[in-house]
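A.B. asks: Next comes the sequence, and after it the predicted model I'd like to discuss.
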Amino acid sequence: MGPAPELDELNAFFWTSGADGELRMQYCDECHYWQHPPSVCCRKCLGEGIAAKPLAGTGTVGAITVNRMPWMPGLKVPYILVIVELDEQPGLRLTSAMPGVEPGAVQIGDRVKVCFEQREDVWVPFFELLS
Amino acid sequence: MNSAYSEKQCIISGVGQSEIGRRLPRNGLQLTIDAVKQALDDAGLSRADIDGVSSWPGQLQHAAPGFSPVAIGDLREAMDLKLSWYNAGYEATQMSAVLNACLAVASGQARHVICFRTMTEASSMAKGIRSSVLGTGSQRISGTFQWQLPFGAFSASSWIALVASRYMHEFGATREQLAQIALTARSNAMLNERAIYRDPLSLDDYLASRMISDPLCLFDCDVPIDGSTVIIVSHRDCAPDLKSKPVHIEAIAGPLYGRDSWDQQADLTRFAAEDAGKMLWSRTDFRPKDVDFAELYDGFSFLTLLWLEGLGFCERGEAAAFVEGGERISRDGQLPLATHGGQLSAGRTHGMGYFHEAVKQLRGEAGSHQLAGERKLAVVSNGGGNLAGAALLRRE
């Protein structure tokens, strides 16, 4: 559905995390703080003791839109885009999509879980309804 | 109020705008020079008086065709300008061309600064290139766009639609209310012979139009154009020598305190517009109730709602009710908005067009779309999300 990200030393853990089916983000053990996107230090304490850590992969739909514009040839519309509020921490979110889910079948407040789509060496984290 | 603030030393001495069109036979540099000549004539200045040029975001010819086709160097060479100071840069707030010009003039780096914003997005789109849609090539994505494009969030319409959905969910705002931003812009555009879309637009037309990214429809998105807008920022001491009536820059602000992101800010529907509002009012004794009209950013209609709240024209969560029915924001209302048709109907001049319009209105020179009555104080705002600049303009 979209282009793949360019992997670098900061983001590679995130984009390859789905290889074992887990979603990972940076976590600071000192501050007990999750942060995204990844950075070189914890934005609370500025310490470098941050490391990739698995999340439950569950969350709540915080915002939703249905893109109906075929922005490029071959792009199949409509499809659902969401901002998911992840369970680990208030305000920890991921902008993502829910491929294969019918527009109208999801609304703000619905519970979702992560699923991955592999594109070459990248695993894109999408979401599906938590049944 | 602190009279040492840089903007209080500054006036807008001249404004100019090229033809604004959907696909013009003139390139970006030609359009820019058209606008510069007009602004010089408007101010009663010659090009030899110009010693500064400021623009945002600077030339992005290859990264985003049509989005910012003209470099300061192009203009300097073409017009043989002698520059004591010049400045452009993408990593700055959208209003930085004007804000930085004030800093330069107040500190004596320059006396008359051309601020320009030129777009040729309409011509680029005609060639099949949309600068507002990213990641449509085969290249891999790095930087902040990696958090949107791989998921299929290609366009700002989707990023802003997500936030709009949350706002509607939290505050019970409706499409009928949001429509008033587009309908108000259109009714003003009908009076402005330079606007792009001038046909009547009804609520029924709006509700029946094509959805782009729910809840935003076609009429919630501004219209790409070819065109250039110029304002000249000068030291206030120059006012007696000018042909034009000076418009004072009472206050200007372009802060960023929150996350530089569309999805990680503490509250999903609170953006830098609020910070810009607070900072703006901290630099002046005027208050929102003193404002006679407002040219608020409407790259997407929803952004105008955030600006109404951010600038303190209404309380948090109340903007949709504020615009309901349209009377309050109409040209005879309490706070006229988008008096030339906004970017929604008069074209995406991308921030600078609101300055042009505000100056014309304050001087009483807006012609067929001039507001009735005395208009002495105007707010201009630029940007959405992490980009937020606001200025308060005052007639003497």
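C.D. replies: Now that the structure is in, tell me what you want to look at.

A.B. asks: Pull the contacting residues for the residue most central in space within chain B.
C.D. replies: Among the residues of chain B, the one closest to the centroid is B:Gly351, at 1.8 Å (Cα atoms, centre = their mean). By Cβ atoms under 8 Å, 6 or more residues apart in numbering or on different chains, the contact list for B:Gly351 reads B:56, B:94-95, B:117, B:297, B:382-383, B:389. For the C-beta atoms, the positions are set from N, CA and C on the backbone; glycine is no exception.

A.B. asks: try 7 Å
C.D. replies: By Cβ atoms under 7 Å, 6 or more residues apart in numbering or on different chains, the contact list for B:Gly351 reads B:94-95, B:117, B:297, B:382.

A.B. asks: And the pLDDT for B:Gly21?
C.D. replies: B:Gly21 carries a pLDDT value of 97.

A.B. asks: what do you get for the one 4 residues further on?
C.D. replies: B:Pro25 is assigned a pLDDT of 95 by the prediction.

A.B. asks: do B:Val133 as well
C.D. replies: For B:Val133, the predicted pLDDT is 65.

A.B. asks: Now do the residue in chain A sticking out farthest from the centre against chain B, distance only.
C.D. replies: Here chain A reaches farthest from its C-alpha mean at A:Pro73, the gap being 25.4 Å by Cα atoms, centre = their mean. To chain B, A:Pro73 is 9 Å away according to Cβ to the nearest Cβ, to the nearest Å.

A.B. asks: burial of B:Arg26, as a residue count?
C.D. replies: Other residues lying near B:Arg26 total 18 when counted by other Cβ atoms under 10 Å in any protein chain shown.

A.B. asks: Same check on B:Gln370?
C.D. replies: Neighbourhood size, B:Gln370 [other Cβ under 10 Å]: 16.

A.B. asks: One more: A:Pro103?
C.D. replies: 17.

A.B. asks: ok, now B:Tyr197?
C.D. replies: Using other Cβ under 10 Å: B:Tyr197 sits among 18 other residues.

A.B. asks: My understanding was that it contacts B:Ala189; is that so?
C.D. replies: Yes - B:Tyr197 is in contact with B:Ala189 according to Cβ atoms under 7 Å; the separation is 6.0 Å.

A.B. asks: got any residues that touch both of the two?
C.D. replies: Joint contacts of B:Tyr197 and B:Ala189 (Cβ under 7 Å, 6+ apart) are B:Ser345.

A.B. asks: just to revisit the earlier point, most neighbours among the contacts of B:Gly351, please name it.
C.D. replies: That'd be B:Asn382 among these, by other Cβ under 10 Å, with 32 neighbours.

A.B. asks: Show me what it bridges to in the sheet.
C.D. replies: Under DSSP bridges, the beta-bridge partners of B:Asn382 are B:Gly389.

A.B. asks: How confident was the prediction at it?
C.D. replies: 98.

A.B. asks: I'd like to know how far it sits from chain A.
C.D. replies: 24 Å.

A.B. asks: Over to B:Pro150?
C.D. replies: 4 Å.

A.B. asks: and the nearest residue to that residue once chain neighbours are set aside, what does it touch?
C.D. replies: Nearest residue to B:Pro150, sequence neighbours excluded (Cβ to Cβ, 6 or more residues apart in numbering or on different chains): A:Gly2, at 4.5 Å. Residues near A:Gly2 by Cβ under 7 Å, 6+ apart: B:135, B:149-152.
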